[in-house]
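Chemist: model this:
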Amino acid sequence: MPRRDAPDPSAGELRGDAPLASRHTAPPQEADARTDLVVEAPGADEVTIVPWPILWRNRIASKVEGHDKYPWIVLSAALFGLFSVGFSITVLSIAIKGIAEEFHTSDNVVIWVITGPLLLGAVVTPASGKLADLFGARRVYLTAMGFVGLFAGLAAIAWSAESLIAFRVVGAAIGTATGPAAIALINRLFPRERRAQALGYWSLVAAGGPVLGVVIGGPVIEAVGWRAIFVAQVPLTLATVGVCAAVFPETPRNRAQFDYVGALLLGLGAASFVMAINRAPETGWGWTNPVVVLGLAAAPILIGAFALYERRITNQLIPTKYFPQRNFSFSMANQFFSNFAYMGAFFLTPLFLQRVLEYSTAKTGFVSIARPMLFAIAGPIAGWAATKVGERVNALVGGVCLLASMLAFVSISDGSGEVMVFAALALSGIGMGVTAPAVAAAVANTVDESDLGVAGGTQQMISLLGVVVGTQIMFTVQQAALGEWLNRPADLIPDDVWVHAYDRAYLVGAAAAALSITAALFIRSTTKDGQVTRAVPPNRAVGAPGRSLARESSPGPAGPRDRQAVGRCDDQADSVVGIESRCMRG
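Modeler: Now for the predicted structure:
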């Protein structure tokens with residue numbers, strides 16, 4: 001007699017021929033020792049019992065992957081994950097004072113809860129993106145998001161400032177993999193001419209999520225304390241893991257060896273530069289401090305060693321073949337200088353409003369929301385516009401808006417009204433919202449699909465380097481412009497001295513914005529009027545919804561939607577073969 005009744009194959013369970021989680025049946029004499037779930041019995045068919053999480057995922061996937069809006073379903077799930085990771089950054093900035101008081105330490109120590117993850121993100125994101133390319137974007141994303149939830153839970157029970165900083169930094173180091181992995185999935189699923197539109201919604205959540213976090217999180221912190229931030233983040237991340245596990249497709253895995261030496265050299269070089277730039281403006285350090293000088297000297301040596309090493313190996317961390325391509329190199333330069341101006345002014349402006357215009361803290365916070373809010377609104381609109389006018393036009397318009405914003409801040413004095421302040425903030429938000437999705441799409445359309453993860457990680461590293469450098473350089477210029485007034489009480493410094501100091505800093509931001517415009521002039525538009533401006537292999541134009549992306553390059557019969565996608569690409573290919581050499585847009 002069998003020890004377990006065999007389920008009826010007609011009952012909807014996966015049978016022995018199921019491709020997932022299939023196992024060989026144990027011989028009868030070994031069944032007791034191995035306690036297998038599958039047995040042989042007279043008159044019973046061989047049956048595979050699939051664990052319920054896999055069965056649950058398969059049932060949901062079978063419904064959503066065949067849906068016409070499947071790429072948008074995946075995008076929505078990725079945006080939910082982006083919010084669950086990113087909303088805590090701005091909320092924590094409100095809680096710095098309360099955390100410092102609870103742990104009996106200074107604000108300068110607790111601020112590392114925010115700056116630590118940002119600095120680390122500028123170091124490890126290329127390696128995180130490469131891992132997504134090697135081991136599959138879905139697997140890396142789910143693993144990283146799970147650890148984000150784990151370390152959020154540990155941060156909620158932190159017993160000291162040091163433990164809180166450690167949990168935040170380690171969690172952020174692992175969590176950096178979620179961004180490149182998610183963007184790689186999005187770029188695989190959307191055809192090239194629609195990537196800017198999809199990434200526009202990414203910008204919407206990336207900029208709008210922190211704003212929503214401040215609006216909701218502020219009252220919550222006042223009511224129940226800062227630990228509620230991390231308590232709320234745990235279920236959000238767990239929900240993200242569940243949703244994304246159900247809808248994210250599998251992606252190809254590359255069995256090539258990970259470039260540990262390259263990752264170490266690049267990480268050390270970026271870390272040396274970032275730490276030196278971060279510490280130099282601080283009291284007691286300065287640009288002549290031996291540690292700062294050593295960091296600035298070591299950075300180019302390590303980056304140079306990384307470049308030389310990469311030329312000698314085949315499994316490169318960042319494929320060097322992309323750097324001569326202008327849509328890769330100039331897009332990266334555009335993102336660096338755009339983030340330099342945008343984020344440098346982002347951190348400087350609240351001080352400017354309070355020192356020069358004498359805004360209260362509440363008024364400063366309320367007015368400052370205009371910038372990320374318009375960034376969020378402009379992202380999807382500009383992403384759609386990029387499909388009509390091309391990425392270069394977006395990058396140019398965004399750069400001009402950033403330049404106008406910096407010059408508008410220069411024109412503000414102690415007698416300026418709120419309208420002028422709002423206009424300057426609005427131009428900054430619109431400028432970054434117009435630029436970011438289009439330039440990110442230009443990079444994605446330049447690299448091979450097998451390198452989308454590391455391309456996204458490199459973009460994220462360059463952007464964060466722009467944030468760090470812009471913030472520190474503009475702050476240093478403002479401090480240096482105070483001259484002999486620097487060591488005097490702030491209340492004794494005349495208003496015209498403050499205005500002059502901030503004007504100098506905003507002029508540096510204007511120069512960075514001008515450089516972003518210069519870089520944008522060299523970007524070629526890869527999409528315009530909904531057309532791809534170069535021939536795209538049909539099997540790579542869209543990540544065939546309804547089946548695993550890991551099978552994209554495998555020959556086989558195409559389903560109805562596959563044939564439809566191939567037909568569209570064949571039509572495009574007939575009209576654009578050779579177009580890159582004859583009439584490349586831009």
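
Chemist: going forward, measure contacts between C-alpha atoms and count neighbours the same way
Modeler: Will do.

Chemist: quick one: low-confidence ranges for the stretch 351-500 of the chain?
Modeler: Across the stretch 351-500 of the chain, the stretches falling below the confidence threshold (pLDDT under 70) are 361, 490.

Chemist: could you rerun that using 90?
Modeler: Applying pLDDT under 90 to the stretch 351-500 of the chain picks out residues 351-391, 411-422, 433, 436-500.

Chemist: let me see the ranges of the helices in it.
Modeler: 361-368, 370-389, 391-411, 418-444, 452-481, 495-520 (DSSP state H, counting those that start in this stretch).

Chemist: longest helix anywhere in the chain?
Modeler: Ranked by residue count and defined by DSSP state H, the top helix of the chain is helix 70-102.

Chemist: tell me what that one is packed against?
Modeler: In this structure, helix 70-102 packs against helix 107-110, helix 112-135, helix 161-175, helix 178-189, helix 195-224, helix 227-247, with contacts taken as 3 or more CA pairs under 8 Å, 6 or more residues apart in numbering; DSSP states H and E.

Chemist: just want the most central residue of this protein.
Modeler: Among the residues of the chain, the smallest C-alpha distance to the mean C-alpha position (CA atoms, centre = their mean) belongs to Gly179, namely 3.9 Å.

Chemist: that older thread, between the longest helix of the chain and helix 227-247, how big is the angle?
Modeler: Compare the direction of helix 70-102 with that of helix 227-247 by axes from the mean of the first three to the mean of the last three CA atoms, to 10 degrees and you get 160 degrees.

Chemist: for helix 70-102, buried residues please.
Modeler: By neighbour count, and taking 16 or more other CA atoms under 10 Å as the criterion, the buried residues in helix 70-102 are 70-71, 73-92, 94-96, 98-100.

Chemist: equivalent analysis for stretch 242-250, please.
Modeler: The neighbour-count check on stretch 242-250 (16+ other CA under 10 Å) flags 243-250 as buried.

Chemist: for stretch 336-355, same thing?
Modeler: Of the residues in stretch 336-355, those buried by neighbour count under the rule 16+ other CA under 10 Å are 336-353, 355.

Chemist: using CSV, write down the CA coordinates of it.
Modeler: As requested, C-alpha coordinates have been extracted for stretch 336-355 and formatted as CSV (Å, rounded to 0.1, in the frame of the first residue of the first chain):
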residue,chain,number,x,y,z
PHE,A,336,27.8,64.0,-13.6
PHE,A,337,27.5,67.7,-14.2
SER,A,338,23.7,67.8,-14.0
ASN,A,339,23.8,66.1,-10.6
PHE,A,340,26.7,68.4,-9.6
ALA,A,341,24.5,71.5,-10.2
TYR,A,342,21.2,70.1,-9.1
MET,A,343,22.2,68.4,-5.8
GLY,A,344,24.9,71.0,-5.0
ALA,A,345,22.1,73.7,-5.0
PHE,A,346,19.7,71.2,-3.3
PHE,A,347,21.7,71.2,-0.1
LEU,A,348,22.9,74.8,-0.3
THR,A,349,19.5,76.4,-0.9
PRO,A,350,17.8,75.7,2.5
LEU,A,351,20.7,77.5,4.2
PHE,A,352,20.5,80.4,1.7
LEU,A,353,16.7,80.8,2.3
GLN,A,354,17.2,80.8,6.1
ARG,A,355,20.3,83.0,6.2
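
Chemist: chain center to that stretch, what's the gap?
Modeler: If you compare the mean C-alpha spot of stretch 336-355 with that of the full chain, they lie 20 Å apart, counting by CA atoms, centre = their mean, to the nearest Å.

Chemist: equivalent analysis for stretch 81-98, please.
Modeler: When distances are taken as CA atoms, centre = their mean, stretch 81-98 is centred 16 Å away from the chain's centroid.
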